[in-house]
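Asker: Pasting the sequence and the predicted model now:
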Amino acid sequence: MSGGHDRLSARFAACRAQSRAALVTFVTAGDPDLSVSAQVLRALVANGADIVELGMPFTDPMADGPAIQRGNIRSLGSGTRLRDVLAMVADFRREDDVTPIILMGYFNPILAYGPARFAADARAAGLDGAIVVDLPPEEADELVPALTEQGLHLVRLATPTTDGARLPTVLSGASGFLYYVAVAGITGAGSASVADIAAAVARLKAATDLPIAVGFGVRTPQQAAAIAVHADAVVVGSAIVDAIGDAAEARANDIPARVGTIVAGLAAAVRAARHQGA
(Lines give C-alpha, C1' and ligand atoms only; values in the text may rest on other atoms or scores of the structure.)
Protein backbone atom coordinates (compact mmCIF):
# COMPACT_ATOMS: atom_id res chain seq x y z
CA MET A 1 0.00 0.00 0.00
CA SER A 2 3.02 2.25 0.27
CA GLY A 3 3.76 4.46 -2.68
CA GLY A 4 0.09 5.40 -2.91
CA HIS A 5 -1.17 1.99 -4.07
CA ASP A 6 -1.51 -1.54 -2.83
CA ARG A 7 1.08 -3.54 -4.76
CA LEU A 8 0.18 -6.79 -3.04
CA SER A 9 -3.53 -6.71 -3.90
CA ALA A 10 -2.70 -5.61 -7.45
CA ARG A 11 -0.30 -8.51 -7.91
CA PHE A 12 -2.75 -11.12 -6.62
CA ALA A 13 -5.46 -9.64 -8.86
CA ALA A 14 -3.13 -9.89 -11.87
CA CYS A 15 -2.37 -13.54 -11.09
CA ARG A 16 -6.07 -14.31 -10.67
CA ALA A 17 -6.73 -12.75 -14.06
CA GLN A 18 -4.22 -15.22 -15.50
CA SER A 19 -5.86 -18.15 -13.62
CA ARG A 20 -2.63 -18.93 -11.81
CA ALA A 21 -1.03 -18.82 -8.41
CA ALA A 22 1.67 -16.33 -7.49
CA LEU A 23 5.27 -17.38 -6.90
CA VAL A 24 6.65 -15.98 -3.67
CA THR A 25 10.40 -16.29 -3.14
CA PHE A 26 12.28 -15.86 0.12
CA VAL A 27 15.91 -14.88 0.61
CA THR A 28 17.73 -13.45 3.61
CA ALA A 29 18.66 -9.83 2.97
CA GLY A 30 22.41 -9.30 2.97
CA ASP A 31 23.23 -12.94 2.18
CA PRO A 32 26.08 -13.40 1.52
CA ASP A 33 26.62 -9.63 1.55
CA LEU A 34 24.61 -6.54 0.67
CA SER A 35 26.06 -6.05 -2.81
CA VAL A 36 25.34 -9.60 -3.98
CA SER A 37 21.99 -9.59 -2.17
CA ALA A 38 20.88 -6.54 -4.15
CA GLN A 39 21.71 -8.43 -7.36
CA VAL A 40 19.87 -11.51 -6.09
CA LEU A 41 16.76 -9.41 -5.44
CA ARG A 42 16.77 -8.28 -9.05
CA ALA A 43 17.41 -11.83 -10.29
CA LEU A 44 14.38 -13.11 -8.36
CA VAL A 45 12.08 -10.63 -10.07
CA ALA A 46 13.68 -10.89 -13.51
CA ASN A 47 13.15 -14.64 -13.50
CA GLY A 48 9.52 -14.71 -12.46
CA ALA A 49 9.09 -14.11 -8.74
CA ASP A 50 5.75 -12.35 -8.29
CA ILE A 51 6.29 -11.38 -4.65
CA VAL A 52 9.53 -11.25 -2.64
CA GLU A 53 9.93 -12.00 1.04
CA LEU A 54 13.15 -10.49 2.38
CA GLY A 55 14.38 -12.01 5.61
CA MET A 56 15.59 -9.61 8.29
CA PRO A 57 18.85 -11.14 9.57
CA PHE A 58 18.61 -12.11 13.24
CA THR A 59 20.91 -13.90 15.66
CA ASP A 60 18.31 -16.45 16.82
CA PRO A 61 15.95 -17.43 13.98
CA MET A 62 14.20 -20.13 15.98
CA ALA A 63 11.51 -21.01 13.41
CA ASP A 64 14.06 -21.56 10.68
CA GLY A 65 15.98 -24.66 9.70
CA PRO A 66 19.73 -24.98 9.04
CA ALA A 67 19.66 -23.43 5.56
CA ILE A 68 18.11 -20.14 6.62
CA GLN A 69 20.03 -20.11 9.90
CA ARG A 70 23.25 -20.22 7.88
CA GLY A 71 21.91 -17.46 5.64
CA ASN A 72 21.36 -15.31 8.72
CA ILE A 73 24.90 -16.01 9.90
CA ARG A 74 26.37 -15.07 6.53
CA SER A 75 24.32 -11.87 6.41
CA LEU A 76 25.16 -10.79 9.96
CA GLY A 77 28.79 -11.74 9.39
CA SER A 78 28.95 -9.27 6.52
CA GLY A 79 27.60 -6.53 8.81
CA THR A 80 23.99 -6.28 7.58
CA ARG A 81 21.66 -4.25 9.76
CA LEU A 82 17.97 -3.49 9.42
CA ARG A 83 18.67 0.01 8.12
CA ASP A 84 20.81 -1.56 5.36
CA VAL A 85 17.91 -3.80 4.33
CA LEU A 86 15.60 -0.79 4.10
CA ALA A 87 18.18 1.08 2.02
CA MET A 88 18.49 -1.90 -0.34
CA VAL A 89 14.72 -1.91 -0.89
CA ALA A 90 14.68 1.86 -1.46
CA ASP A 91 17.36 1.46 -4.12
CA PHE A 92 15.39 -1.34 -5.80
CA ARG A 93 12.28 0.84 -5.84
CA ARG A 94 14.01 3.36 -8.09
CA GLU A 95 13.67 0.84 -10.93
CA ASP A 96 10.69 -1.29 -9.85
CA ASP A 97 7.64 0.20 -8.18
CA VAL A 98 5.27 -2.72 -8.80
CA THR A 99 6.80 -5.90 -7.31
CA PRO A 100 5.53 -6.41 -3.75
CA ILE A 101 8.23 -6.85 -1.11
CA ILE A 102 7.46 -8.12 2.38
CA LEU A 103 9.95 -8.15 5.24
CA MET A 104 9.94 -11.44 7.12
CA GLY A 105 11.58 -12.12 10.43
CA TYR A 106 11.42 -11.76 14.17
CA PHE A 107 10.11 -9.02 16.43
CA ASN A 108 13.33 -8.33 18.33
CA PRO A 109 15.04 -6.28 15.55
CA ILE A 110 11.81 -4.31 15.02
CA LEU A 111 11.44 -3.66 18.74
CA ALA A 112 15.06 -2.49 18.95
CA TYR A 113 14.52 -0.23 15.94
CA GLY A 114 11.24 1.09 17.37
CA PRO A 115 7.91 -0.11 15.89
CA ALA A 116 6.69 3.34 14.85
CA ARG A 117 10.05 4.29 13.35
CA PHE A 118 10.25 0.90 11.63
CA ALA A 119 6.82 1.29 10.03
CA ALA A 120 7.54 4.83 8.85
CA ASP A 121 10.94 3.91 7.43
CA ALA A 122 9.56 0.72 5.85
CA ARG A 123 6.91 2.69 4.02
CA ALA A 124 9.44 5.33 2.95
CA ALA A 125 11.68 2.58 1.58
CA GLY A 126 8.83 1.12 -0.46
CA LEU A 127 8.04 -2.01 1.51
CA ASP A 128 4.54 -3.45 1.46
CA GLY A 129 4.30 -5.15 4.83
CA ALA A 130 5.79 -7.57 7.30
CA ILE A 131 5.58 -11.16 8.49
CA VAL A 132 6.71 -11.42 12.11
CA VAL A 133 6.92 -15.12 12.87
CA ASP A 134 7.29 -14.92 16.65
CA LEU A 135 4.62 -12.27 17.29
CA PRO A 136 1.25 -13.85 18.15
CA PRO A 137 -1.87 -11.71 17.66
CA GLU A 138 -2.24 -11.27 21.43
CA GLU A 139 1.15 -9.55 21.62
CA ALA A 140 1.00 -7.46 18.46
CA ASP A 141 -0.44 -4.28 19.98
CA GLU A 142 2.84 -2.41 19.68
CA LEU A 143 3.24 -3.14 15.99
CA VAL A 144 -0.21 -3.32 14.41
CA PRO A 145 -1.20 0.35 14.90
CA ALA A 146 2.17 1.50 13.55
CA LEU A 147 1.84 -0.61 10.41
CA THR A 148 -1.81 0.35 9.93
CA GLU A 149 -0.99 4.04 10.20
CA GLN A 150 1.56 3.66 7.40
CA GLY A 151 -0.73 1.55 5.21
CA LEU A 152 1.43 -1.57 5.52
CA HIS A 153 0.17 -5.15 5.56
CA LEU A 154 0.66 -7.48 8.51
CA VAL A 155 0.69 -10.99 7.08
CA ARG A 156 -0.32 -13.62 9.61
CA LEU A 157 0.70 -17.27 9.81
CA ALA A 158 -1.59 -20.29 10.12
CA THR A 159 -0.34 -23.82 10.71
CA PRO A 160 -1.76 -27.37 10.65
CA THR A 161 -2.50 -26.92 14.37
CA THR A 162 -4.51 -23.70 13.89
CA ASP A 163 -8.00 -24.98 14.67
CA GLY A 164 -11.39 -23.41 14.13
CA ALA A 165 -11.37 -21.80 17.56
CA ARG A 166 -7.97 -20.18 17.01
CA LEU A 167 -8.39 -19.10 13.39
CA PRO A 168 -10.54 -15.98 13.99
CA THR A 169 -7.85 -14.61 16.32
CA VAL A 170 -5.17 -15.24 13.71
CA LEU A 171 -7.27 -13.54 11.03
CA SER A 172 -8.06 -10.51 13.20
CA GLY A 173 -5.99 -7.65 11.83
CA ALA A 174 -4.43 -9.80 9.11
CA SER A 175 -4.06 -8.31 5.66
CA GLY A 176 -2.33 -8.87 2.34
CA PHE A 177 -2.50 -12.65 2.42
CA LEU A 178 -2.55 -15.51 4.90
CA TYR A 179 0.63 -17.58 5.02
CA TYR A 180 -0.16 -21.25 5.60
CA VAL A 181 2.83 -23.06 7.10
CA ALA A 182 2.25 -26.50 5.60
CA VAL A 183 4.59 -28.36 7.95
CA ALA A 184 4.63 -28.00 11.73
CA GLY A 185 8.22 -27.25 12.68
CA ILE A 186 11.14 -25.37 11.16
CA THR A 187 11.62 -24.16 7.59
CA GLY A 188 13.05 -26.65 5.12
CA ALA A 189 11.92 -29.67 7.16
CA GLY A 190 9.93 -32.24 5.20
CA SER A 191 6.85 -31.53 3.16
CA ALA A 192 3.12 -32.03 3.50
CA SER A 193 1.01 -34.11 1.13
CA VAL A 194 -0.85 -32.24 -1.60
CA ALA A 195 -4.13 -33.73 -0.34
CA ASP A 196 -3.50 -32.32 3.14
CA ILE A 197 -2.60 -28.93 1.68
CA ALA A 198 -5.69 -28.87 -0.54
CA ALA A 199 -7.91 -29.63 2.45
CA ALA A 200 -6.22 -26.98 4.57
CA VAL A 201 -6.54 -24.32 1.85
CA ALA A 202 -10.23 -25.11 1.44
CA ARG A 203 -10.76 -24.79 5.20
CA LEU A 204 -8.94 -21.46 5.32
CA LYS A 205 -10.76 -20.08 2.29
CA ALA A 206 -14.05 -20.80 4.04
CA ALA A 207 -12.93 -18.47 6.83
CA THR A 208 -11.34 -15.57 4.94
CA ASP A 209 -11.28 -13.74 1.62
CA LEU A 210 -7.52 -13.20 1.94
CA PRO A 211 -5.35 -15.01 -0.61
CA ILE A 212 -3.76 -18.17 0.82
CA ALA A 213 -0.02 -18.66 0.34
CA VAL A 214 1.52 -22.05 1.16
CA GLY A 215 5.14 -22.46 2.20
CA PHE A 216 7.61 -24.55 4.24
CA GLY A 217 8.90 -27.71 2.58
CA VAL A 218 8.41 -26.54 -1.03
CA ARG A 219 11.69 -27.07 -2.88
CA THR A 220 11.10 -28.31 -6.43
CA PRO A 221 9.17 -27.09 -9.48
CA GLN A 222 7.03 -30.24 -9.26
CA GLN A 223 6.07 -29.54 -5.63
CA ALA A 224 5.39 -25.90 -6.43
CA ALA A 225 3.15 -26.80 -9.37
CA ALA A 226 1.14 -29.30 -7.33
CA ILE A 227 0.45 -26.71 -4.63
CA ALA A 228 -0.25 -23.95 -7.17
CA VAL A 229 -3.36 -25.84 -8.29
CA HIS A 230 -4.93 -25.23 -4.88
CA ALA A 231 -3.25 -22.22 -3.22
CA ASP A 232 -3.23 -18.59 -4.32
CA ALA A 233 0.54 -18.45 -3.87
CA VAL A 234 3.46 -20.83 -3.39
CA VAL A 235 6.39 -19.80 -1.19
CA VAL A 236 9.90 -21.16 -1.83
CA GLY A 237 12.79 -20.19 0.45
CA SER A 238 15.18 -22.84 1.75
CA ALA A 239 15.99 -24.24 -1.71
CA ILE A 240 17.07 -20.79 -2.90
CA VAL A 241 18.97 -19.99 0.30
CA ASP A 242 20.74 -23.36 0.04
CA ALA A 243 21.91 -22.49 -3.46
CA ILE A 244 23.22 -19.13 -2.27
CA GLY A 245 25.05 -20.87 0.58
CA ASP A 246 26.60 -23.51 -1.68
CA ALA A 247 27.79 -20.85 -4.10
CA ALA A 248 29.12 -18.63 -1.31
CA GLU A 249 31.01 -21.55 0.19
CA ALA A 250 32.57 -22.28 -3.20
CA ARG A 251 33.42 -18.57 -3.55
CA ALA A 252 31.47 -18.53 -6.81
CA ASN A 253 30.87 -15.18 -8.47
CA ASP A 254 27.66 -16.16 -10.26
CA ILE A 255 25.23 -16.31 -7.33
CA PRO A 256 22.53 -14.12 -8.94
CA ALA A 257 22.62 -16.25 -12.11
CA ARG A 258 22.32 -19.48 -10.11
CA VAL A 259 19.35 -18.06 -8.21
CA GLY A 260 17.79 -16.90 -11.45
CA THR A 261 17.96 -20.39 -12.94
CA ILE A 262 16.20 -21.91 -9.92
CA VAL A 263 13.49 -19.26 -9.87
CA ALA A 264 12.89 -19.50 -13.62
CA GLY A 265 12.17 -23.22 -13.22
CA LEU A 266 9.82 -22.62 -10.33
CA ALA A 267 8.04 -19.78 -12.13
CA ALA A 268 7.49 -21.85 -15.27
CA ALA A 269 6.01 -24.69 -13.23
CA VAL A 270 3.70 -22.43 -11.24
CA ARG A 271 2.51 -20.63 -14.37
CA ALA A 272 1.76 -23.93 -16.10
CA ALA A 273 -0.37 -25.19 -13.21
CA ARG A 274 -3.90 -23.89 -13.64
CA HIS A 275 -5.24 -22.59 -10.35
CA GLN A 276 -8.58 -24.20 -9.49
CA GLY A 277 -9.69 -21.27 -7.36
CA ALA A 278 -9.12 -18.66 -10.04
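Answerer: Arrived safely, thanks for sending. Residues are numbered from 1 along each chain as shown.
Asker: Residue 130 - how many residues pack around it?
Answerer: 24 (other CB atoms under 10 Å). For the C-beta atoms, the positions are set from N, CA and C on the backbone; glycine is no exception.
Asker: Excluding chain neighbours, what is closest to it?
Answerer: Counting by CB to CB, 6 or more residues apart in numbering, residue 103 is the residue found nearest to residue 130 once chain neighbours are left out, at 4.8 Å.
Asker: ok, so what distance separates residue 17 from residue 51?
Answerer: From residue 17 across to residue 51, the span is 16 Å (CB to CB, to the nearest Å).
Asker: Show me which of those two is the more surrounded one.
Answerer: Remark: of residue 17 and residue 51, residue 51 carries more neighbours, 26 against 9, as counted by other CB under 10 Å.
Asker: Retrieve the pLDDT associated with the more buried one.
Answerer: pLDDT for residue 51: 98.
Asker: again with residue 71
Answerer: We have a pLDDT of 82 for residue 71.
Asker: same deal with residue 270?
Answerer: On pLDDT, residue 270 comes in at 97.
Asker: Let me see the contact set for it.
Answerer: With contact taken as CB atoms under 8 Å, 6 or more residues apart in numbering, residue 270 is in contact with 20, 21, 22, 23, 48, 221, 224, 225, 228, 234.
Asker: any chance you could map the helices in the chain?
Answerer: 7-17, 34-46, 66-77, 82-93, 107-113, 115-125, 144-149, 167-171, 194-205, 221-228, 238-249, 255-272 (DSSP state H).
Asker: and the fifth one, what other elements does it pack with?
Answerer: Read that as helix 107-113. Applying 3 or more CB pairs under 8 Å, 6 or more residues apart in numbering; DSSP states H and E, one finds that helix 107-113 makes contact with helix 82-93, strand 129-132.
Asker: Pull out the buried residues from that helix.
Answerer: Neighbour counts using 16 or more other CB atoms under 10 Å place 107, 109, 110, 113 of helix 107-113 among the buried residues.
Asker: weakest of the helices of the chain in terms of mean pLDDT?
Answerer: Looking at these, the bottom one is helix 66-77 with a mean of 82.
Asker: Tell me the confidence at the residue nearest to residue 130?
Answerer: For residue 103, the predicted pLDDT is 97.
Asker: Surely it touches residue 85?
Answerer: Yes. Residue 103 is within contact range of residue 85, at 7.2 Å (criterion: CB atoms under 8 Å).
Asker: Quick check: neighbours shared by those two?
Answerer: Common contacts of residue 103 and residue 85, defined by CB under 8 Å, 6+ apart, comprise 54, 56.
Asker: residues contacting the spatially most central residue of the chain?
Answerer: Residue closest to the mean C-alpha point of the chain, counted by CA atoms, centre = their mean, is residue 53 at 3.1 Å. Residues in contact with residue 53 (CB under 8 Å, 6+ apart) are 24, 25, 26, 27, 101, 102, 103, 104, 131, 235, 237.
Asker: 10 Å instead, please
Answerer: Residue 53 is in contact with 24-29, 44, 100-105, 129-131, 155, 179, 213, 215, 235-237, counting by CB atoms under 10 Å, 6 or more residues apart in numbering.
Asker: Residue 138 too?
Answerer: So residue 138 contacts 169, 172 (CB under 10 Å, 6+ apart).
Asker: what about 8 Å?
Answerer: Contacts of residue 138 (CB under 8 Å, 6+ apart): residue 169.
Asker: picking up where we left off before, JSON lines for the helices of the chain, including distance to residue 138?
Answerer: Formatted as JSON lines, the helices of the chain follow (distance: least, CB to CB, whole Å):
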{"stretch": "helix 7-17", "distance to residue 138": "25"}
{"stretch": "helix 34-46", "distance to residue 138": "33"}
{"stretch": "helix 66-77", "distance to residue 138": "26"}
{"stretch": "helix 82-93", "distance to residue 138": "24"}
{"stretch": "helix 107-113", "distance to residue 138": "13"}
{"stretch": "helix 115-125", "distance to residue 138": "16"}
{"stretch": "helix 144-149", "distance to residue 138": "11"}
{"stretch": "helix 167-171", "distance to residue 138": "7"}
{"stretch": "helix 194-205", "distance to residue 138": "20"}
{"stretch": "helix 221-228", "distance to residue 138": "30"}
{"stretch": "helix 238-249", "distance to residue 138": "29"}
{"stretch": "helix 255-272", "distance to residue 138": "35"}
